[in-house]
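Novice: Following is a predicted model, sequence given first.
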2 protein chains.
Amino acid sequence: MTEQATIEQDAIQRFAAILGPKGIMTDPDDISPWVSDWRGRYHGAARAILSPATTREVADCVALAAELRIALVPQGGNTSMVGGATPPADGSALILSLRRMNQIRSLSTDDNLAVCEAGVILANLHDAAEAAGRRFPLSLGAKGSATIGGLVSTNAGGTQVLRHGTMRALVEGIEAVLPDGSIFDGLDALKKDNRGYDIKQLLIGAEGTLGVITAATLRLVPAIAARAVGWIGVQTPADALALLRLVESELGDSVEGFEVIADDGLGHVLSHIPGTRSPIETRTPWHVLVEVDHGDMREPGPTERLEGALGLALERGIAIDAAIAASEAQADAFWRIRESLSESEKAQGPALQYDISVPVPRMPAFMTEAAAAAEVAFPGTSASSFGHLGDGNVHFHVRAPRGTSDGPAWITAQGQAINAFVHDAVVAAGGSISAEHGIGQMKRAELGRLASPARIHALRAIKAAFDPDGIMNPDKLIPRPDEG
Amino acid sequence: MTEQATIEQDAIQRFAAILGPKGIMTDPDDISPWVSDWRGRYHGAARAILSPATTREVADCVALAAELRIALVPQGGNTSMVGGATPPADGSALILSLRRMNQIRSLSTDDNLAVCEAGVILANLHDAAEAAGRRFPLSLGAKGSATIGGLVSTNAGGTQVLRHGTMRALVEGIEAVLPDGSIFDGLDALKKDNRGYDIKQLLIGAEGTLGVITAATLRLVPAIAARAVGWIGVQTPADALALLRLVESELGDSVEGFEVIADDGLGHVLSHIPGTRSPIETRTPWHVLVEVDHGDMREPGPTERLEGALGLALERGIAIDAAIAASEAQADAFWRIRESLSESEKAQGPALQYDISVPVPRMPAFMTEAAAAAEVAFPGTSASSFGHLGDGNVHFHVRAPRGTSDGPAWITAQGQAINAFVHDAVVAAGGSISAEHGIGQMKRAELGRLASPARIHALRAIKAAFDPDGIMNPDKLIPRPDEG
C-alpha cells in the first residue's frame, strides 16, 4: 500500500467555499473513474475533484492551493496516452477538472476564430464550426471526450497535421491561470506581437505543469468543398516519399493527408475487418493513402488534379498502381482501411507501440532499417510501421513472437529493453521519442535518459521559475533528479 | 560622464586565446561603428568585440563570460529599431558578433529547408534560395545587412506576414548557446515533437536575453510563378477590411500582401516622389494595395482570379474604383508608392512613429478613432496610419504641428505624453505596443507600465531561470524593478 498523504478536511472546506456545492466532488464513487487513466495503466488517488465554472474560480482555487501547498492535477477528458492527467497514488494532490468550463464564448466567421473554454469537447467545436460553414482542422480518435484545454496542453496532432499543423499552429490566443493564481490574459488574436517571450507558446504542450489553460482562441478554416482520396501501390518507403514530394509539388497546400501502410498491415485488415477490400488490383509491398481537399469549387477540382499527379507518378515509375475513389462512399472505404490498422494489428497478438517522429527525409530508411534491426536484436519479434509519412510521425510496432500467449509477461520481461532499443534508434536518426502523446509519467525517465543536458536543464529551469513549489501536475514531464 | 566599468586585460586575453587573432577586435576605431545603434539614438561602450567563427567558439566564450560574470551583447547586422543590440554605456559588457558565422550549412529543395548560421545576411539567403528555384518569404528594408540570428531573435516580420507568418512560423529548428555555455542542438526539423516545453519558440523573439542563437533551420517556399498586383480605392478603413475578407474568401492562401493607405499619404508620395502617379482615376479617401501570388502556372492565373474578386467588390459597393497592374513594371510602380510612404511622410515634418498591432477586426475603428483622439488631445498635430491591414499591424504616425521647426525639441517636450496616449489606446483595443520591432531598450519602461502583472512576472521568472547572473544582453526587454 502506498502511504496516504493527508489533505485536511479544513482545506477541502475552503475549496468548497470557493466553488459551491456543484463545483466539488468528494464522494469516492464519483471520483474513482477519474483517478486512473483510460487504458488502466496508471492508478492514482484524490480526495476531491474541484470543478470550477469560471476563470475566476480557477484562479481562486490555484491561489488557495499555492497558499496551502496542495498540488493540483488539471484534467479534461482524461484521454492521455502517457498518464498525463492521473494524480499521484499517495493522494497528495487534488484533481482540477475543467469540464464545467464548456462554453464556446464566441465563433466568428468574419475573422475565422473561435474562443473556446478549456472544457469544450472537440467534437462539439467541430459541430459548431460546421454549423457556421467552417471547419476546425484537427481531429483524433478521442474527439468525443478530449477537451480543448487538454488538446492545447498536449499540443495534439492527428491526421491533418501535414496541411494545418499541430494544435500549436491553430492556437491564436490563450487564457491561463499561472501557479501563483494570477490570470494570464492572452486571448486577443494578434498576428504580430513582439512583447518579449512567447508565453502562449510555452503553455502549449506544457501538460499542465506551468499553469492551467482556461480558454483558447482557435483558428478555423474553410469547410471542405470538394475532396479526392487516392490509394497508390509503391515498391518502397523511399518511393512513398518521392510520391509525397511529387504530389506536394503538383498540388501544393491542398494535400491534407498522406499515410503509408505496409502490405502486411493491409493484409491484416482485409482478413480481420469484414467488408474491406484492396483499393488496387496489383499486390505491392507498400501502399499510400492520399487526400486532397479544396475549400472552394474552383476548376480543375481535386480529383482532376490528383489524377494528373498520379499519372506523372505512374509515368516516372514512382507508383506501381493507383486508384482514386469514385464516390464519397469509396473514399470512406479507403480511409476505413487506414483507421482499422490498429484494431487488426491487435488481433495479431501483443505488441509494443511507439509514438515517434524523425525528420521526413530520414523516415524511409528508419522504417526499413530500424524494423530489421529490432527483429535481429529481439529474435522472433516482427516490427512494422505505418502512419503519417507526410509529417515524419509513424506508428512503430514491435510484435511479440508468434504464439506468445501471455502478453503482459512478455512486456514485463522484454519491454524495457525494446523501448530502449527503439528510442536509441530514434535519437540516432535525429528524431523525437514523443511525436504526439507527450511525456506525462510514461516517458519521463526515457526523456531524462536521452535528452541533451542543455534541454533538460532548460526544462527544469522553466518549471522551477513558474512553479517553485511544484504544485502544478506533479511528477509529469520533468525528469526526476535520478532520471538524468 | 558615465562611470566606466573595468574589464581586466587578463579577461580580454582569455577570450583572445579562445578566438585567435581573427576573432577579436580591441581597437576603439574598429569597435566604434558597433557601439551605437544605426539611428544614432543609443550609445554604448565595449572594450572588445568577440567574433567567434564556430558554435564551439561561441559556447567557449559564453562559458568564460559566465565564469567571469562578464555580460555579452549578441549582435548581427546592428539594425535594431529599439536599441536591442547596443551595449551598456558603462563598458561593462562585450559585444558578441555573429557576423563571421555566415555559412549556409545546407539548402535542400527536396524538403525545402535551409540551415543557416546566425551571421548569414538575409539578402544572401534570398539569393541562395532563388538560385535553387525557391524563395525565403520574409523580407524587410534592412535585408542587405540584417542577419538570420538577429531576425530570429527579434521574430522579424515584413510585408509577407499575412500569408507566410513572421519568422516564428518559418523557423523549423534552432541551435543556440545557453547562458551557462551549454549547446542546445535543435536543428532537426521535426513536424511533430512533444518532448516538453518548446525551447525553440522561447528563444525566438527573446532578443538575445536567454542565449545566443548560432544557427536556424528555415523553411523555403516555391518561387513565385505568377503574380497580380491591384490598387483599389475605398471609402473607409472598414470597407478595406470588408475587401480583405472578400479577397481572402475568393483567393484563399494566395493573398500575399494587403496594405492600406490614406489618400493624404498617397498625395504626399505623388507630390514628393518624382515619376509617381495614382493607379486609379477616381479620388477616394482610402486605398488598398493587394498582391496575389501563385507558385505554379495553373489556370486561372492570379490576374484572372483577382479580376473576379475585384469585380465582386465593385458590384457590392465595397470598392469605388480598381486597377490591376498590366505589367511587371506597373506592378513595381504600384509597390513603389507604398514603399515611398515613409520617405514622403518625413518631408511633411517631424513625427512620432509607432509600431503597433491590434486584432484585425478592430483595426478600422482604431485607425479612425485613435487618430481623431490624438489630434484632439494634442492640438495642431495630425495623426495618420498606413500599412499591413491584413496582419493587424499598421504604422501609426503623429506629426508635429505645421511649422514646427525644431523636431527634437518638440519630441522632448511632447514625446512621452504622446507615447503614453497612443500606447494606452493600443492596450484599450487589445493590441500590442510592439508588433514587429521588439522591446529592446526603447520600450522596456512602457512594457513595464502596460503589461499585466502575470506577463511581467512570467518574463522575469524565465529570464532569471535561464540567466541567473544576468550576463545575456543586459538591460534589454525585461522591465527593471522600478519599471513596473
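Specialist: Structure's in. What do you need?
Novice: Output the below-cut-off pLDDT ranges for chain A.
Specialist: A:1-5 (pLDDT under 70).
Novice: Looking at it, which helix is longest?
Specialist: Counting by DSSP state H, the longest helix found in chain A is helix A:407-428.
Novice: Following element in sequence after that one, please.
Specialist: The first helix or strand that comes after helix A:407-428 along the chain, using DSSP states H and E, is helix A:444-450.
Novice: by contact count, what packs against that next one?
Specialist: helix A:407-428 (3 or more C-beta pairs under 8 Å, 6 or more residues apart in numbering or on different chains; DSSP states H and E). Placement of C-beta: from N, CA and C, glycine included.
Novice: Can you give the distance from the helix it packs on to the centre of its chain?
Specialist: 21 Å (C-alpha atoms, centre = their mean, to the nearest Å).
Novice: Then stretch A:174-187?
Specialist: With C-alpha atoms, centre = their mean as the basis, the mean position of stretch A:174-187 lies at 24 Å from the chain mean.
Novice: Let's see the distance spanning that stretch from one end to the other.
Specialist: 5 Å (C-alpha to C-alpha, to the nearest Å).
Novice: those helices in the stretch 201-350 of chain A, which residues are they?
Specialist: Counting by DSSP state H, counting those that start in this stretch, the stretch 201-350 of chain A has helices at residues A:237-251, A:263-272, A:302-315, A:328-339, A:341-346.
Novice: Could you check the first one against chain B for contacts?
Specialist: Yes: judged by C-beta under 8 Å from any C-beta of the partner chain, helix A:237-251 comes into contact with chain B at A:245, A:249.
Novice: quick one: secondary structure of the residue nearest to A:E172 when sequence neighbours are not counted?
Specialist: The shortest distance from A:E172 to any non-neighbouring residue, by C-beta to C-beta, 6 or more residues apart in numbering or on different chains, is to A:A189 (3.8 Å). Three-state call for A:A189 (DSSP: H, G, I helix; E, B strand; the rest coil): coil.
Novice: Pull the contacting residues for A:A189.
Specialist: Listed by C-beta atoms under 8 Å, 6 or more residues apart in numbering or on different chains, the contact set of A:A189 reads A:111, A:113, A:172-173, A:217, B:359-360.
Novice: repeat that for 10 Å
Specialist: A:108, A:111-113, A:115, A:171-173, A:217-219, B:359-361, B:392, B:430 (C-beta atoms under 10 Å, 6 or more residues apart in numbering or on different chains).
Novice: I only care about those that end up buried; give me the ChimeraX line for that.
Specialist: Restricted to buried positions by 16 or more other C-beta atoms under 10 Å in any protein chain shown, the ChimeraX selection for the contacts of A:A189 reads:
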select /A:111,112,113,115,171,172,173,217,218,219 /B:359,360,361,392,430
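Novice: related to what we said a few turns ago, hey, which of the helices of the stretch 201-350 of chain A is tucked in deepest?
Specialist: When the helices of the stretch 201-350 of chain A are scored by mean count of other C-beta atoms under 10 Å in any protein chain shown, the highest mean neighbour count falls to helix A:237-251 (a mean of 21).
Novice: the inter-axis angle of that helix versus helix A:302-315?
Specialist: 140 degrees (axes from the mean of the first three to the mean of the last three C-alpha atoms, to 10 degrees).
Novice: now helix A:237-251: how far from the chain's centre is it?
Specialist: The answer for helix A:237-251 is 25 Å, by C-alpha atoms, centre = their mean.
Novice: Please save the CA atoms from it in CSV.
Specialist: Output in CSV follows, covering the C-alpha atoms of helix A:237-251 (Å, rounded to 0.1, in the frame of the first residue of the first chain):
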residue,chain,number,x,y,z
PRO,A,237,9.1,3.7,-48.3
ALA,A,238,11.6,5.7,-50.4
ASP,A,239,9.2,5.6,-53.3
ALA,A,240,6.4,6.7,-51.0
LEU,A,241,8.5,9.8,-50.0
ALA,A,242,9.2,10.5,-53.7
LEU,A,243,5.4,10.3,-54.3
LEU,A,244,4.9,12.8,-51.4
ARG,A,245,7.3,15.2,-52.9
LEU,A,246,5.6,14.9,-56.3
VAL,A,247,2.1,15.5,-55.0
GLU,A,248,3.3,18.4,-52.8
SER,A,249,5.0,20.0,-55.8
GLU,A,250,1.9,19.4,-58.1
LEU,A,251,-0.9,20.1,-55.6
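Novice: same for it, what does it pack against?
Specialist: strand A:226-234, strand A:255-262, strand A:286-294, helix A:302-315, helix A:363-377 (3 or more C-beta pairs under 10 Å, 6 or more residues apart in numbering or on different chains; DSSP states H and E).
Novice: if we go to 6 Å?
Specialist: Using 3 or more C-beta pairs under 6 Å, 6 or more residues apart in numbering or on different chains; DSSP states H and E, the elements in contact with helix A:237-251 are strand A:255-262, strand A:286-294, helix A:302-315, helix A:363-377.
Novice: what comes into contact with the last one?
Specialist: Translated: helix A:363-377. Contacts of helix A:363-377 with the rest of the structure, by C-beta atoms under 6 Å, 6 or more residues apart in numbering or on different chains, involve A:237-238, A:241, A:358, A:381, A:383, A:385, A:389, A:392, A:398, A:421, A:425, A:429.
Novice: same question, the third one
Specialist: Counting by C-beta under 6 Å, 6+ apart, helix A:302-315 makes contact with A:226-228, A:230, A:243, A:246-247, A:250-251, A:292, A:294, A:319, A:322, A:324, all of which sit outside it.
Novice: can you rerun that using 8 Å?
Specialist: In contact with helix A:302-315 (C-beta under 8 Å, 6+ apart) are residues A:226-228, A:230, A:232, A:243, A:246-247, A:250-251, A:254, A:290, A:292-294, A:300, A:319-320, A:322, A:324.
Novice: the domain parsing of chain A - what is it?
Specialist: Partitioning chain A according to automatic domain parsing yields domains covering residues A:104-222, A:226-342, A:349-428.
Novice: mind checking the end-to-end distance for the longest one?
Specialist: Spelled out, it's domain A:104-222. The first and final residues of domain A:104-222 sit 19 Å from each other (C-alpha to C-alpha).
Novice: looking at it, A:R163 is touching A:P137, isn't it?
Specialist: Yes: counting by C-beta atoms under 8 Å, A:R163 touches A:P137, with 7.3 Å between them.
Novice: The two - which one has more neighbours?
Specialist: A:P137 (24 against 20; other C-beta atoms under 10 Å in any protein chain shown).
Novice: Next up, phi/psi of the more buried one, please.
Specialist: The phi and psi torsions at A:P137 (degrees, to the nearest 10) take the values phi -90, psi 50.
Novice: Name all residues that make contact with it.
Specialist: A:P137 sits in contact with A:160, A:163-164, A:170, A:221, where contact means C-beta under 8 Å, 6+ apart.
Novice: likewise A:T282?
Specialist: A:233, A:320-321.
Novice: Quick one: which of these is the most crowded by neighbours?
Specialist: A:G233 (23 neighbours).
Novice: List the contacts of the residue nearest to that one when sequence neighbours are not counted.
Specialist: Nearest non-adjacent residue to A:G233, counting by C-beta to C-beta, 6+ apart: A:T284, 3.2 Å away. Neighbour list for A:T284: A:233-235, A:263, A:320-321 [criterion: C-beta under 8 Å, 6+ apart].
Novice: Would you check how far apart A:T284 and B:G205 are?
Specialist: Counting by C-beta to C-beta, to the nearest Å, the separation of A:T284 from B:G205 is 47 Å.
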